[in-house]
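>>> model the structure of this input:
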Amino acid sequence: MTGPVAVADSGGRRRFIAPARDAVAAGCFDHPLFEPYGAFRDVLRAPDWLAVDHLDARLALPGRRLVEQDAALLADGLHYETRIAERGCIATRARSWHDQFNALVWARYPAIKHALNARQCRHIAAQGPAVRNRAQAALTQFDETGVIVRVRDPALLDAWDRHDWAALFVEGERGWRTGAIAVAGVIGHALMEQALLPERVLVGKCVVVQGGDDAQAVAHTAAMIANGRLLGDPSELRPLPLMGIPGWHARQDLAFYRQADYFRPLRQGRRYPALEM
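This next block holds a predicted model:
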């Protein structure tokens, strides 16, 4: 595995750099985070990159197509989101883990991606491409690092909202094993990119839905995003230390769950929205 994976950009911010394709072990994709993408194991495990047009043919997205991002494409002057909505073209960089994962999310959860795109375009049309409001920040956070979690046991949600990680993950282990709480969908393509490094601990930004069916939870989330009742502000998203989920990390002893820099305490005054029904 490669070493440093972050560099400073021109503004001094840290930017994640994904490992080279040949540095990623095939077993990486056996992690539960990638389970929803089992139908695309050939794409994930391919020894070399698929050309963008070949990836487009493999995924066959209804009403959308992957188009290689180059100077000719960008010459149209359209915003990334506007181009998708008006021309059906998803600008995709060649040999990019980030953009490959984005394409897979379009294939696996098209209703979610269509809803996110439509909402972004409404905001762009209303205020122009140079201004971003809090709703757009929420939409982007969910697009990049989003996870849909469904919950049947309100006690587990209460523990989560209190950041009582021991109650949620340790005492609540059976709930994760039996489906009283479960990951219904992994949306964040940046989250999957970071998961290429097995030692990395990840935090998902979550929408939480009541119920016991994954497909229904995803469909409900897509509908709520589309009608503007969800993702109006980043504060709606619940952070979840994903490596705390039973079976998601190699070392889940008590010392692991006591790492306060990862399993963070609830910030004073922080409140989460009501459960989506």
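>>> hey, let's count contacts and neighbours off CA atoms from now on
Noted.
>>> where do the strands sit along the stretch 101-250 of the chain?
Using DSSP state E, counting those that start in this stretch, the strands of the stretch 101-250 of the chain run over residues 146-151, 181-186, 203-210, 238-241.
>>> how about those strands, which one is nearest W106?
Shortest distance between W106 and those, using C-alpha to C-alpha, is found for strand 181-186: 11.7 Å.
>>> isn't M192 right next to L33, touching?
Yes. M192 sits in contact with L33 when judged by C-alpha atoms under 8 Å, with a separation of 7.4 Å.
>>> ok, now which ones touch the closest residue to A115 other than its chain neighbours?
Beyond its immediate neighbours in the sequence, the residue positioned closest to A115 (C-alpha to C-alpha, 6 or more residues apart in numbering) is A226, lying 4.7 Å away. Listed by C-alpha atoms under 8 Å, 6 or more residues apart in numbering, the contact partners of A226 are 115-116, 118-119.
>>> do the same with R132
The contact partners of R132, taken as C-alpha under 8 Å, 6+ apart, number zero.
>>> tell me how far it lies from A167.
The spacing between R132 and A167, counted by C-alpha to C-alpha, to the nearest Å, is 37 Å.
>>> so for the strand or helix carrying I84, mean pLDDT?
When elements are assigned from DSSP states H and E, I84 belongs to helix 80-87. In this model, helix 80-87 has a mean pLDDT of 98.
>>> any idea how far that helix is from the chain center?
Taking C-alpha atoms, centre = their mean, to the nearest Å, one finds the center of helix 80-87 at 21 Å from the center of the full chain.
>>> just the buried positions in that helix, please.
Using 16 or more other C-alpha atoms under 10 Å as the burial criterion, the residues of helix 80-87 that qualify are 81-85.
>>> model confidence for E199, exactly?
The model reports E199 with a pLDDT of 87.
>>> ok, back up a step: single out the most deeply packed of the strands of the stretch 101-250 of the chain.
Comparing those on average neighbours per residue, with mean count of other C-alpha atoms under 10 Å, the densest one is strand 146-151 at a mean of 25.
>>> enumerate every residue touching D70.
Taking C-alpha under 8 Å, 6+ apart as the definition, contacts of D70 comprise R93.
>>> tell me the pLDDT of it.
In the prediction, the pLDDT value recorded for D70 is 97.
>>> which neighbouring elements make contact with the helix or strand that comes right after the helix holding I84?
Stepping forward along the backbone from helix 80-87, the first helix or strand reached (DSSP H and E) is strand 89-92. For strand 89-92, the packing partners by 3 or more C-alpha pairs under 8 Å, 6 or more residues apart in numbering; DSSP states H and E come out as strand 65-68, helix 80-87.
>>> so what's G244 closest to, chain neighbours aside?
Among residues not flanking G244 along the chain, F169 sits closest, at 6.2 Å (C-alpha to C-alpha, 6+ apart).
>>> thought that neighbour was touching L242?
No. Judged on C-alpha under 8 Å, F169 makes no contact with L242 at a distance of 10.1 Å.
>>> partners of P241 in the sheet?
According to DSSP bridges, V203 are recorded as the beta-bridge partners of P241.
>>> N133: neighbour count?
12 (other C-alpha atoms under 10 Å).
>>> sketch out the low-pLDDT regions of the stretch 101-250 of the chain for me.
Low-confidence regions of the stretch 101-250 of the chain, defined by pLDDT under 70, are absent; no residue qualifies.
>>> which residue ranges of it form helices?
If DSSP state H, counting those that start in this stretch is used as the criterion, the helices of the stretch 101-250 of the chain fall at 110-127, 134-145, 154-161, 165, 173-178, 189-194, 214-226.
>>> report the inter-axis angle for the last one versus helix 110-127.
What that stands for is helix 214-226. 10 degrees (axes from the mean of the first three to the mean of the last three C-alpha atoms, to 10 degrees).
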